[in-house]
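J.: sequence unknown, structure follows:
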């Protein structure tokens, strides 16, 4: 099992973390090595520029959809709606294929690796924890700038036909002069450089701004000895961490890291749990279509790797109580349902999956049987069969949900 704090960190492009004499990126208005002070100043400038871009709908083909349209700051930079997917494209009539994730607490995500080895406390052996890291549901973007380019060019998101269309919009933006000040007076004469600069600014804002990782929840205050949890919340925490009950903390790490960093509530891994197929997603109207996460269709470099089919990123549970749809396909609409699914996926599959024509349960209906070997079977699943006692009682589910409510950031309280 991975130990908190032992995950690698990605090379996130946040200029203030650069050591002295770091060279500025290509196209910068500050060529040559930068001092630490200059790096901090640059990061502040890019953060301010990225913030303006994040809320600018003119950067979309429709002129009506900004990054913030789907990543609402009033909903922890996640979606405000309960829809499993959002509409986008030039006419805002193209449905997405996955639920919109929150952009909070991505700053510590490591770059994607197929094999993450975690040294054990004793001995020389290491355990391969498998695919780990990256951003998005399938981990296909390693850095904030890589993630930022996806929605700008996606036909069912902001819908720009190419990088040049984004740059044309930037030329007309009220912050165009600030953009040139940051990246060079002639930056717009070089469209590819200008586009790369734009996603750098967006990535810097999304991963270096304290807006995205305030660590201000009641649980953070509790860990600091500045708040108390209720008896129910404490019971929920114990169940969350109990390897024989919820076992949630095996993937959603709940203790501070070895370096004192607050818990991220994710191990950044990718696993398969076979969430029920969501008929509300238009793509699923095709019975031959399957979203298989790491092995496609949105990620293409692992196409033909059956051992990766069905694996999706383990998201942070911070601010999870604010969400109105859960998992990569938004199938569940209450946090209690999501927790209950874990508790009885295998002991009561008829509760979650549809029935076949002959009355049998169509278990794991959104994952072809050829990939069932990829399914996670750790507790609370651990080999349970239909009719077995579920891992958690109704009261214990309620306790875990109460604990998860303590993970809401202070600025989101009351949302």
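T.: Nice, thanks for sending it over. This is a predicted model, so every value here is computed, not measured.

J.: only C-alpha atoms from now on, for both contacts and neighbour counts.
T.: OK.

J.: surely residue 87 is in contact with residue 156?
T.: Yes: contact criterion C-alpha atoms under 8 Å: residue 87 and residue 156 qualify, at 6.7 Å.

J.: more neighbours: which of these two?
T.: Neighbours per residue (other C-alpha atoms under 10 Å) separate residue 87 from residue 156, with residue 156 holding more: 21 against 17.

J.: confirm that one sits in a helix?
T.: No: going by DSSP: H, G, I helix; E, B strand; the rest coil, the assignment for residue 156 is coil, not a helix.

J.: isn't it up against residue 85?
T.: No: contact criterion C-alpha under 8 Å: residue 156 and residue 85 do not qualify, at 10.1 Å.

J.: what touches both of those two?
T.: Counting by C-alpha atoms under 8 Å, 6 or more residues apart in numbering, the residues touching both residue 156 and residue 85 are 95-96.

J.: low-confidence ranges in the stretch 51-200 of the chain?
T.: 119-125 (pLDDT under 70).

J.: which stretches of it form helices?
T.: In the stretch 51-200 of the chain, the segments counted as helices under DSSP state H, counting those that start in this stretch are 67-70, 144-153, 163-172, 176-183, 191-208.

J.: which helices and strands sit right next to the last one?
T.: For helix 191-208, the helices and strands in contact under the criterion 3 or more C-alpha pairs under 8 Å, 6 or more residues apart in numbering; DSSP states H and E are helix 36-54, helix 144-153, helix 163-172.

J.: can you give me the angle the second one makes with helix 191-208?
T.: On the basis of axes from the mean of the first three to the mean of the last three C-alpha atoms, to 10 degrees, helix 144-153 is oriented at 120 degrees to helix 191-208.

J.: distance between helix 144-153 and the chain's centre?
T.: On the basis of C-alpha atoms, centre = their mean, to the nearest Å, helix 144-153 sits 14 Å off its chain's mean C-alpha point.

J.: could you do the longest one as well?
T.: Centroid separation between helix 36-54 and its chain, computed with C-alpha atoms, centre = their mean, is 23 Å.

J.: so which elements touch that helix?
T.: helix 176-183, helix 191-208.

J.: the longest one: which residues count as buried?
T.: When you say that, I think you mean helix 191-208. The neighbour-count check on helix 191-208 (16 or more other C-alpha atoms under 10 Å) flags 191, 193-208 as buried.

J.: please apply the same query to stretch 205-220.
T.: Across stretch 205-220, burial judged by 16+ other C-alpha under 10 Å covers 205-209, 211-213, 215, 217-220.

J.: what do you get for stretch 347-355?
T.: Here stretch 347-355 shows 347-350, 352-354 as buried, counting by 16+ other C-alpha under 10 Å.

J.: now these in CSV, with pLDDT, distance to residue 183 and secondary structure?
T.: Shown next, in CSV, are the buried residues of stretch 347-355 (pLDDT from 0 to 100; distance: C-alpha to C-alpha, whole Å; DSSP: H, G, I helix; E, B strand; the rest coil):
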residue, pLDDT, distance to residue 183, secondary structure
347, 97, 57, coil
348, 97, 57, coil
349, 97, 55, helix
350, 97, 57, helix
352, 98, 52, coil
353, 98, 53, coil
354, 98, 54, coil
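
J.: list just the nearest of those to residue 53.
T.: Closest approach to residue 53 among those (C-alpha to C-alpha): residue 352, at 41.1 Å.

J.: leaving out the residues flanking it, which one is nearest to residue 101?
T.: With sequence-adjacent residues excluded and distances taken as C-alpha to C-alpha, 6 or more residues apart in numbering, residue 101 is closest to residue 78, at 5.7 Å.

J.: for that neighbour, which residues are in contact?
T.: So, once contact is read as C-alpha under 8 Å, 6+ apart, residue 78 ends up touching 70-72, 100-103, 323.
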